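**Q** Pasting a predicted model and its sequence here:
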Amino acid sequence: MKKIIVVLSVMLITLSVTAQKKKGKAANNDCYLTEAAKTFDLSDDKKIELNELLVQASKERASIKKGVRAGEITKDEVKGKTRGINRKYFADLGKLTGKSREEVMTFVKEVGSKCK
């Protein structure tokens, strides 16, 4: 009986630990790139450029988070800085794809729900 309880306990612990693992950003970026390539008919070169834009925006957002943790950036400044990063990214995505801001924003909203 003790063996069964121990085995079940180990199985439950293993399941709970694996269930709590989050998807990595790379998986999200791959999904995002695939959807962008389909939607905007991107060439391989443009997919590489888009990946660079994604990585750059992620790095900038990460630096903001580090600044908040370090106390260098106030919570009020976070909104403005993040909004600036997002605006730049959306503008660059529009230039890369040749689409309007509205089309880009529609795409980003749709893909955001698919690639979580």
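**A** Great, that's in hand. The structure presented is a predicted model; accordingly, all values stated were derived computationally and were not measured.
**Q** Out of the helices and strands in the protein, which is least certain?
**A** helix 2-19 (a mean of 59; mean pLDDT, DSSP states H and E).
**Q** Report the buried residues of the longest helix seen in the chain.
**A** In the chain, with assignment by DSSP state H, the single longest helix is helix 44-70. For helix 44-70, a neighbour-count test (16 or more other CB atoms under 10 Å) marks 46-47, 49-50, 53-54, 57, 60-61, 64 as buried. All C-beta spots, glycine's among them, are computed from the backbone N, C-alpha and C.
**Q** Who are the packing partners of that helix?
**A** helix 25-40, helix 75-97 (3 or more CB pairs under 8 Å, 6 or more residues apart in numbering; DSSP states H and E).
**Q** tell me the mean pLDDT for it?
**A** The predicted model gives helix 44-70 an average pLDDT of 92.
**Q** same deal with stretch 102-116?
**A** Mean predicted confidence for stretch 102-116 is 88.
**Q** which residues are contacting it?
**A** 23, 28, 31-32, 35-36, 39-40, 90, 93-94, 97, 99 (CB atoms under 8 Å, 6 or more residues apart in numbering).
**Q** how about 6 Å then?
**A** 28, 31-32, 35, 39, 90, 93-94 (CB atoms under 6 Å, 6 or more residues apart in numbering).
**Q** Let's verify residue 72: helix, strand, or coil?
**A** coil (DSSP: H, G, I helix; E, B strand; the rest coil).
**Q** residues near it, how many?
**A** 11 (other CB atoms under 10 Å).
**Q** Tell me the spacing between it and residue 81.
**A** Note on residue 72: its distance to residue 81, by CB to CB, to the nearest Å, is 11 Å.
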